[in-house]
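Asker: predicted structure and sequence below. I'll ask about it afterward.
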Amino acid sequence: LQSDLVCVLDIQADKTGELRNRFLNELVRLLDNYLQSEHKRTSKVLDFHHPHQLKEIMEHCLIIDQDPKSLEEVLSDCRETLKYCVKTGHPLFLNQLSTGLDIVGIAGEMLTSVADTNMFTYEVAPVFTLIEDIVLTKMLGYIGWYDGEGMFAPGGAISNLYGMLSARHKRFPRVKYSGMSNKGDIVVFTSEQSHFSINKAAMLLGIGQDNVIAVDCDSNGKMKVDVLRSKIKLSIANQQTPLMVNATCGTTILGAFDPLEKIADVCEEFGMWLHVDGAWGGGALLSDKHRCLLKGIHRADSMTWNPHKMMGTPLQCSAILLKEKGVLLDVNQTGATYLYHKDKHYDTSFDTGDKSIQCGRHNDVFKLWLMWRSKGDNGFKDQIDLYFTLSKYLVSEIKKRPRFQLVLEEIEGPNICFWYIPSSIVITDEHDEGKTHLNKVAPSLKALMMEKGTIMITYQPLGDLPNFFRIAISNPAIKKEDLDFVLNEIEELAKC
Ligand code: ABU
C-alpha cells in the first residue's frame, strides 16, 4: 500500500482481507488527523483559494481517468481533498447554523455508510426503521403530540415542503389525483424574515410564489399578528383561499421566534393549517430553560426540526413532524406493488417509504439516535443551554467595544448580529451615505478573514439594514475565549 501500485479492483480479490484492513486503518488515521486539526485553535479554519486556483492546484487529482488507480492514490486523493476543506467543526467556524463535530455522530454516519441501506422498507432496514420510529416518537413527545407521526427528510426546505403539502392535501384531498385546476388563488402567509424555502414549496405545489403573502415583522424580527389577521381578511375579501400560516421558530438571521399562541388563535379563527419552521429553533425544546420560546407549539399542525443544527448531528438530519397520524401516507401514497406489497410475511405498516415523496431515502436517523443514546436528554439540554449562555456572553462583550454595534440588543435565539463600524464611517438616521459605506464593511472584512483563514462568519443585509455579521452558536466546543478572539480578530482585520 505504501509503495506498490495496488489496483483498486484487487481489493475485491483480497481473500484474507489484509489489504482492506490496511487501507481502512490508513484512512482512519487520515480522518483522525483531520479531526484533531479541527479542534486545534492554532490551525486555520480554511485554506482559501479562488476556484480557478484550486482547480489548478488539485488538477492532478480531480480528473477521472480511463485506468484504475492504486489504493495509495485513493488515499492521497482523500488527503488532498481534506487539505482544502473548510473545517466546519473548528470552534472559529461560525459561518453557518450547522457547525461543530460530534464524534459519536460521525461514528453513526460511518456505520450508516457501511450498512448502506435504503429506508423505504422494513425488509431492507429493519433496525433503522425501528430506530426512526423511536426517535420520531421522542421528538413528537417534546412537542406534546402523543399520537403524531413524522419522517426524516433531506433538509429543512423539503420538510417545509411536506408541511405545505400536508396542508394542501387536508383542504383539497382530490388535488393529489386531479391537480390544481379550478382551485382559485390559494394563499399562504409567512413572515417577511422567514426562510426562502416557503416560496420554493409554494412554487412546487402549484400555489405560486405570488401567493405567498409576506407578513411584516416587528423590530425584533417577530411576525406581527395584527398584520397577519388583516392580511388574511383582505385575502378573503379578494376571493382568495387562505390555506396556511408558516410561523418561524428561530429565524435564519436574527433568530427570532414568532408568537405561536397568538398565531394559533388566528389559524383557529380562520380554519387554517399552522406549520412551524423550527429547523433552527426546534432544538430549544430540549432545554427546560428555553422551551418557552416555542410556547404553543402543540397547537400547530406540522413542524420542521433539523437536528443537524442546534443538536449538532452531522449533516444532514431534518424531520417533518405532524400532529395527526396517517396524513403522510394519505398525502403521498401511490402503492408501488413491487416495493410496498401488502402480502409480505411481516407487519407492512413498518414499510415507511410510501409516506415519502422520495423512493430511495437515506438513513439520516441512526447518527442522531446514537448521539441521543450517548448523551441522554440531559446531555442535549446542557448543550443547548450552553449555546444560549455563550450568546449572552458575546452580546455583553460586543456592548463593551465602541466600534461594534448590535443589531438587536436583546436576543432570543443564539444568533448574534452586529456591525463593525470603522471610525471613518458616521451613521446618522438621515444620512444614507454612511449606510452605503457600512454596507461594504462586512463583505470586505469577510474577504480578509477568508484569505487569512483564522475565522469564518457570515454576513447579510436585512430589509433596510446594511450588511451586518451574524454569528450563530451551534458548536459545543466553543469557549468564551474563542468569542473574545473573534472580536479581537475583526479589530485586527479592520486595520488592514
Ligand atoms: N437553512 C438555513 C441555513 C443557513 C445557514 O446555515 O446559515
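Answerer: Sure thing, it's come through. Residues are numbered from 1 along each chain as shown.

Asker: what residues does the stretch 101-250 of the chain have near the ligand?
Answerer: Within the stretch 101-250 of the chain, the positions near the ligand by Cβ under 6 Å from any ligand atom are 156, 195. Any C-beta I mention is one placed from the backbone N, CA and C, and that applies to glycine too.

Asker: ranges for the strands of the stretch 101-250 of the chain?
Answerer: 149-153, 186-191, 212-215, 241-248 (DSSP state E, counting those that start in this stretch).

Asker: out of those, flag the one nearest residue 322.
Answerer: Using Cβ to Cβ as the measure, strand 149-153 is the one of those that comes nearest residue 322, at 5.4 Å.

Asker: parallel or antiparallel, which strands does the closest one pair with?
Answerer: Using DSSP bridges, strand 149-153 pairs in its sheet with strand 318-322 (antiparallel).

Asker: how far away from the center of its chain is the partner strand?
Answerer: 12 Å (Cα atoms, centre = their mean, to the nearest Å).

Asker: what about it, average pLDDT?
Answerer: Per-region confidence: strand 318-322 scores 98 on mean pLDDT.

Asker: now the element after it, going C-ward?
Answerer: Remark: after strand 318-322, the chain's next helix or strand is helix 327-332, criterion DSSP states H and E.

Asker: hmm, who's touching that following helix?
Answerer: Helix 327-332 is contacted from outside by 149-151, 162, 165-166, 169-170, 173, 176, 320, 322, 354-357, using Cβ atoms under 8 Å, 6 or more residues apart in numbering.

Asker: would you mark the buried spots in that helix?
Answerer: 327, 328, 329, 331, 332 (16 or more other Cβ atoms under 10 Å).

Asker: how about stretch 254-274?
Answerer: 254-260, 262-264, 266-267, 270, 272-274.

Asker: over to stretch 149-166?
Answerer: Neighbour-count burial for stretch 149-166 [16+ other Cβ under 10 Å]: 149-166.

Asker: likewise for stretch 380-387?
Answerer: Under 16+ other Cβ under 10 Å, the buried positions of stretch 380-387 are 380, 381, 383, 384, 385, 386, 387.

Asker: so how far is it off the chain centroid?
Answerer: Counting by Cα atoms, centre = their mean, stretch 380-387 comes out at 17 Å from the chain centroid.

Asker: shaky segments in this structure?
Answerer: 1-12, 429-431 (pLDDT under 70).

Asker: how far away from the center of its chain is the longest helix belonging to the chain?
Answerer: Taking DSSP state H as the criterion, the chain has its longest helix at helix 366-400. Chain-centre distance of helix 366-400: 16 Å, with Cα atoms, centre = their mean.

Asker: show me what that helix is packed against.
Answerer: Here helix 366-400 touches helix 103-115, helix 126-143, strand 404-406, strand 415-420, helix 480-494, going by 3 or more Cβ pairs under 8 Å, 6 or more residues apart in numbering; DSSP states H and E.

Asker: JSON lines for these, including mean neighbour count?
Answerer: Formatted as JSON lines, the helices and strands packed on helix 366-400 follow (neighbours: other Cβ atoms under 10 Å):
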{"stretch": "helix 103-115", "mean neighbour count": "16"}
{"stretch": "helix 126-143", "mean neighbour count": "18"}
{"stretch": "strand 404-406", "mean neighbour count": "17"}
{"stretch": "strand 415-420", "mean neighbour count": "24"}
{"stretch": "helix 480-494", "mean neighbour count": "17"}
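
Asker: indicate which one of these is closest to residue 229.
Answerer: helix 126-143 (24.7 Å).

Asker: which helices and strands does that closest one pack with?
Answerer: strand 149-153, strand 318-322, helix 366-400.

Asker: hmm, who's touching the first one?
Answerer: Here strand 149-153 makes contact (Cβ under 8 Å, 6+ apart) with 119, 132, 136, 139-140, 159, 162, 317-322, 324-328, 352, 355-356, 361, 364-365.

Asker: by how many degrees do that strand and helix 366-400 diverge?
Answerer: Strand 149-153 runs at 80 degrees relative to helix 366-400, counting by axes from the mean of the first three to the mean of the last three Cα atoms, to 10 degrees.

Asker: so how far is strand 149-153 from its chain's centroid?
Answerer: The answer for strand 149-153 is 15 Å, by Cα atoms, centre = their mean.

Asker: give me phi/psi at the residue of the stretch 251-400 of the chain found nearest the ligand?
Answerer: Residue nearest to the ligand within the stretch 251-400 of the chain (Cβ to the nearest ligand atom): residue 252, separated by 4.9 Å. Per-residue torsions, residue 252: phi -60, psi -40 (degrees, to the nearest 10).

Asker: that one: what's it in contact with?
Answerer: Residue 252 touches 97, 193, 195, 280, counting by Cβ under 8 Å, 6+ apart.

Asker: from the stretch 351-496 of the chain, which residue is nearest to the ligand?
Answerer: Distances between the stretch 351-496 of the chain and the ligand by Cβ to the nearest ligand atom are smallest at residue 458, namely 5.9 Å.

Asker: the residue nearest to that residue when sequence neighbours are not counted and residue 88, how far apart?
Answerer: Nearest residue to residue 458 in three dimensions, chain neighbours excluded: residue 95, at 4.8 Å (Cβ to Cβ, 6 or more residues apart in numbering). In this structure, residue 95 and residue 88 are 8 Å apart, going by Cβ to Cβ, to the nearest Å.

Asker: no more questions from me, cheers.
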